[in-house]
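Chemist: 3D, please:
(one chain, ligands or ions: 2)
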Amino acid sequence: MNTTSKPNRLETIVSDIVSSVREVLIRHNVTFEEYRAGCNHLVKTGEAGELVMLADVFLNTTICEIEDTMIGGSTSTIEGPFYLEDAPFVDGSLKMHPDDSREPMIVRGSVTDTSGKPVPDAIVDVWHCDPNGLYGGFGIPNDMYRGKVRTNTAGQFELRSTIPVPYPLPQDGPTAKLLHRMGRHSWRPAHVHFKVKKAGYHTLVTQNYFEGGDYVLGSASDTGDCCDGVRPDLIKSDQREGVARVVENVFRIALEKGPVAAH
Ligand code: DHB
Ligand code: FE
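Modeler: Numbers count the residues shown, from 1 in each chain. Ligands and ions are numbered 1, 2, ... in the order given. Down below sits the predicted model:
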């Protein structure tokens, strides 16, 4: 072994994960049959293309908490499996079904740095599900209910859409089946996703939820979000402009730390 090399991060983390899992297996006297059933469930999850979803349901939120502590800026939450890099730039409104009769929604706000100074020309990427719980590119055309806007010189942005509905994980998929066998439900509250990008700043990935909506309050093991992505400051109160529900945010984004100066 090369004792002069720096600690191997992968070795450290994988060893720690294995130790933690071993402790759980010992604590519950897990049998070979149970262990094999778990392995087979993972195989099925992979075959269904849901391995990332399985990891996201249980763990992504923890990564967000770590990043919020390390990076700062507005509260982040999970990206989920339905982000598409190449959403179109939109002018004022996301593309919706012509017969969409759900409540209109105005999504507006500003992007600032962590000191509150406006950040012009940031890209705010917005995506959410349609009235049937489907995302653009996943059952409906790619460019529906998703789009990008640029902040103006005052760092502001605005677009219109309709409010999303609560969303169930694919009900016949292995991830939902696991949650159901655990006695949990497999629903997410209605939510709007955001990805805020600006060169030189950390990208902010977050969501908004609607106060009073189903699955907003409680924990993943009772009435709350099955992905545990809700944080109190991401829940929007019932603010309206005429018939439209207004969803307003100040997204604070943190500067990327530049290269450490040589000294
Ligand atoms: C997950 C996240 C979402 O935003 C969503 O709509 C569905 C699933 C997830 O992390 O698994
Ligand atoms: Fe989502």
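
Chemist: what residues are up against the closest residue to ligand 1 within the stretch 1-150 of the chain?
Modeler: Here the residue of the stretch 1-150 of the chain nearest ligand 1 is residue 80; by CB to the nearest ligand atom that distance is 2.7 Å. The way it works is simple: take the backbone N, C-alpha and C, and place the C-beta from them, glycine included. Residue 80 is in contact with 56, 193, 227, 229, counting by CB atoms under 8 Å, 6 or more residues apart in numbering.

Chemist: what's the answer for residue 160, then?
Modeler: With the criterion set at CB under 8 Å, 6+ apart, residue 160 makes contact with 92, 93, 94, 104, 105, 106, 107, 244.

Chemist: one more time with 10 Å, if that's ok
Modeler: By CB atoms under 10 Å, 6 or more residues apart in numbering, the residues touching residue 160 are 90, 92, 93, 94, 96, 104, 105, 106, 107, 108, 244.

Chemist: Take those residues and lay them out in JSON lines including neighbour count and pLDDT.
Modeler: Formatted as JSON lines, the contacts of residue 160 follow (neighbours: other CB atoms under 10 Å; pLDDT from 0 to 100):
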{"residue": "90", "neighbour count": "17", "pLDDT": "98"}
{"residue": "92", "neighbour count": "9", "pLDDT": "94"}
{"residue": "93", "neighbour count": "13", "pLDDT": "97"}
{"residue": "94", "neighbour count": "24", "pLDDT": "98"}
{"residue": "96", "neighbour count": "16", "pLDDT": "98"}
{"residue": "104", "neighbour count": "19", "pLDDT": "98"}
{"residue": "105", "neighbour count": "20", "pLDDT": "98"}
{"residue": "106", "neighbour count": "18", "pLDDT": "98"}
{"residue": "107", "neighbour count": "24", "pLDDT": "98"}
{"residue": "108", "neighbour count": "16", "pLDDT": "98"}
{"residue": "244", "neighbour count": "16", "pLDDT": "97"}
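
Chemist: Identify those among those that sit within strands.
Modeler: Among the contacts of residue 160, the residues falling in strands (DSSP state E) are 104, 105, 106, 107, 108, 244.

Chemist: And the next helix or strand past the helix or strand of the chain with the lowest mean pLDDT?
Modeler: The weakest-scoring helix or strand in the chain, judged by mean pLDDT, DSSP states H and E, is strand 167-168 (a mean of 92). Using DSSP states H and E, the next helix or strand after strand 167-168 towards the C-terminus is helix 174-181.

Chemist: Show me the shaky parts of the chain.
Modeler: Residue ranges of the chain with pLDDT under 70: 1-4, 258-263.

Chemist: mind redoing it with 90?
Modeler: For the chain, applying pLDDT under 90 flags the ranges 1-7, 257-263.

Chemist: Close to ligand 1: what parts of it are there?
Modeler: When proximity is defined as CB under 6 Å from any ligand atom, the chain approaches ligand 1 at 53, 56, 57, 60, 78, 80, 81, 82, 167, 169, 188, 227.
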